[in-house]
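Novice: model the following, please.
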Amino acid sequence: MMKFPIIPAVISVSVLLSACSDSRFEEEAKRVEQVKAEKEKAEAASQLSDKEKYEVYKKMEKPLDEVILENDLDVLEEVSNIEVETKDQYEDATEFSKYASQVLYNFYLSQIDAKKYYDFLLQHGSERVKSELPSEKDTIAIFTSIQESFKKQNITGDSYTLTNLSFDRMKREGNFYRKVVTTNGEEYFITTIKKENGVWKYEDDSPAPPYLLGTDLNQIKEETTTE
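Specialist: Here you go, the predicted model:
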């Protein structure tokens, strides 16, 4: 069982608060309770089973219908050139979609380890993604467990492709599809990226139904709304 260090300030709540005024008392009491709650949550996360860790990972995903309904989508086409330069940040959405696709594919096939994927999320993840990550140690443990489950399935990759981007009305969120060809066959995903402070960030990646090139995704959106 992983143990977390006890914060010295939580030695005795009554002693800590005795010198505070009424307003400071309430404020400090709330702070202490928040610290305790965060520590308890972190300790609980460290004891999760592999299945529970995977569920934590999946919680960061958005439902596919929600992604579709949020966007004005265009006709679907595949990107011919998926080569991309590694950069500290990406101001071009198409470039970042290629980079994110490369990282996601490499993580899936264990061509990068859990630590490198964690570093990718820290550097290129949206504020929401980063806020939902546990501690570095626990996050890496979760991602390692996920990769181990992939390895047990003896999954090997052949290739991947991605589609052109579609954007929301404000051009601050984009979506694209990925098709990954492995020993499991063809697998499809929809990936969401988000523009924050002028830089594109990774927001979400979820399983998706197969796509058809030339499909008018506005029609898909309408059909999803009426179902």
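
Novice: mind giving me the packing neighbours of the helix or strand where S149 lies?
Specialist: In the assignment (DSSP states H and E), S149 maps to helix 136-152. Applying 3 or more C-beta pairs under 8 Å, 6 or more residues apart in numbering; DSSP states H and E, one finds that helix 136-152 contacts helix 22-46, helix 50-58, helix 93-108, helix 114-124. Any C-beta I mention is one placed from the backbone N, CA and C, and that applies to glycine too.

Novice: any stretches of the protein with poor pLDDT?
Specialist: Low-confidence segments of the chain (pLDDT under 70): 1-74, 215-227.

Novice: pull the longest strand from it.
Specialist: In terms of residue count, the longest strand belonging to the chain (DSSP state E) is strand 185-196.

Novice: next secondary structure after that one?
Specialist: strand 199-207.

Novice: contact partners of that following strand?
Specialist: Outside of strand 199-207, the residues that reach it under the criterion C-beta atoms under 8 Å, 6 or more residues apart in numbering are 60-64, 67, 89-93, 96, 100, 104, 120-121, 124-129, 173-174, 178, 187-195.

Novice: how about it as CSV, C-alpha atoms only?
Specialist: Output of strand 199-207 as CSV, limited to C-alpha atoms (Å, rounded to 0.1, in the frame of the first residue of the first chain):
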residue,chain,number,x,y,z
VAL,A,199,-1.5,27.0,-29.2
TRP,A,200,-3.2,23.7,-30.1
LYS,A,201,-3.6,21.1,-27.3
TYR,A,202,-4.7,17.5,-27.1
GLU,A,203,-8.1,17.2,-25.5
ASP,A,204,-9.6,13.7,-26.2
ASP,A,205,-9.4,10.5,-28.1
SER,A,206,-12.3,8.0,-28.3
PRO,A,207,-13.3,4.9,-30.3
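
Novice: give me the buried stretch members for it, please.
Specialist: Neighbour-count burial for strand 199-207, counted by 16 or more other C-beta atoms under 10 Å, picks out W200, K201, Y202, E203, D204, D205, S206.

Novice: and the angle from that strand to strand 185-196?
Specialist: Here strand 199-207 points in a direction 150 degrees away from that of strand 185-196 (axes from the mean of the first three to the mean of the last three C-alpha atoms, to 10 degrees).

Novice: burial of S110, as a residue count?
Specialist: The local packing of S110 (other C-beta atoms under 10 Å) involves 17 other residues.

Novice: now do the contacts for it.
Specialist: Contacts of S110 by C-beta under 8 Å, 6+ apart are Q147, F150, K151.
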